[in-house]
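# Just to be clear, the model below is a prediction. Sequence and coordinates:
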Amino acid sequence: MLERTRRAIYYNACDKVYISPVPVNEITLVQGVNREGDTVTLVEDVDYFKRGYAMNVQLYGIRNQYEYLQVTYTTGYGTGAQVPAAIRKAIMQEVFRQFKRRQDPIIASDTVVDSLSSEAQSLIRSYIVRRSL
């Protein structure tokens, strides 16, 4: 959730690329790499165009002359104050739930919790992005 810089490589990026479904703050660098390994820095609104926002960013209009694209971008919500209230509330709910259940004799102490409670899921439902292939 905290802000971080990511670098993704997209092969066969003919015409458009979908950026990872996480909150994208800024695309800092887009480079095309040709078959010989030469790197060319692409310029927004000249070599490619960007549409969408946050969790639905797409680069398009890319000429099919590159072996692959390298895209560097920052994601996340930054400091805790920038994390949406619903996500903060869901985290607190889950921590409290696990703390409350810590000594429950019915649940083994080495049990791994692999899903959120239905209350937490309903809080963050609008922040979950699923893409079909």
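Nice, thanks for sending it over. Because the structure is predicted, anything quoted here is derived from the model rather than measured.
# how about the helices in the protein?
Listed in chain order, the helices of the chain (DSSP state H) span residues 85-100, 118-124.
# Outline the domain layout of the chain.
Under the assignment named as automatic domain parsing, the residue ranges that make up the domains of the chain are 4-75, 84-127.
# Off-centre distance for the shortest one?
In other words, domain 84-127. Centroid displacement of domain 84-127 relative to its chain, using Cα atoms, centre = their mean, to the nearest Å, is 22 Å.
# Would you mind measuring the gap between the ends of that domain?
Domain 84-127 has an end-to-end distance of 9 Å (criterion: Cα to Cα, to the nearest Å).
# if we can go back for a sec, turn the helices of the chain into TSV, including mean neighbour count.
Heads up, the C-betas are built off the backbone N, CA and C, glycines and all. Shown next, in TSV, are those (neighbours: other Cβ atoms under 10 Å):
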stretch	mean neighbour count
helix 85-100	13
helix 118-124	14
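# any idea how far the spatially most central residue of the chain is from G76?
Central residue of the chain (Cα atoms, centre = their mean): V22, 2.1 Å from the mean position. Using Cβ to Cβ, to the nearest Å, V22 is found at 7 Å from G76.
# got it, and I19?
Separation of I19 from G76 (Cβ to Cβ): 13 Å.
# What pairs with the longest strand anywhere in the chain, parallel or antiparallel?
Under DSSP state E, the strand in the chain containing the largest number of residues is strand 24-33. On the basis of DSSP bridges, the sheet neighbours of strand 24-33 come out as strand 39-41 (antiparallel), strand 68-75 (antiparallel).
# mean pLDDT lowest for which of the domains of the chain?
When those are compared by mean pLDDT, domain 84-127 comes last with a mean of 76.
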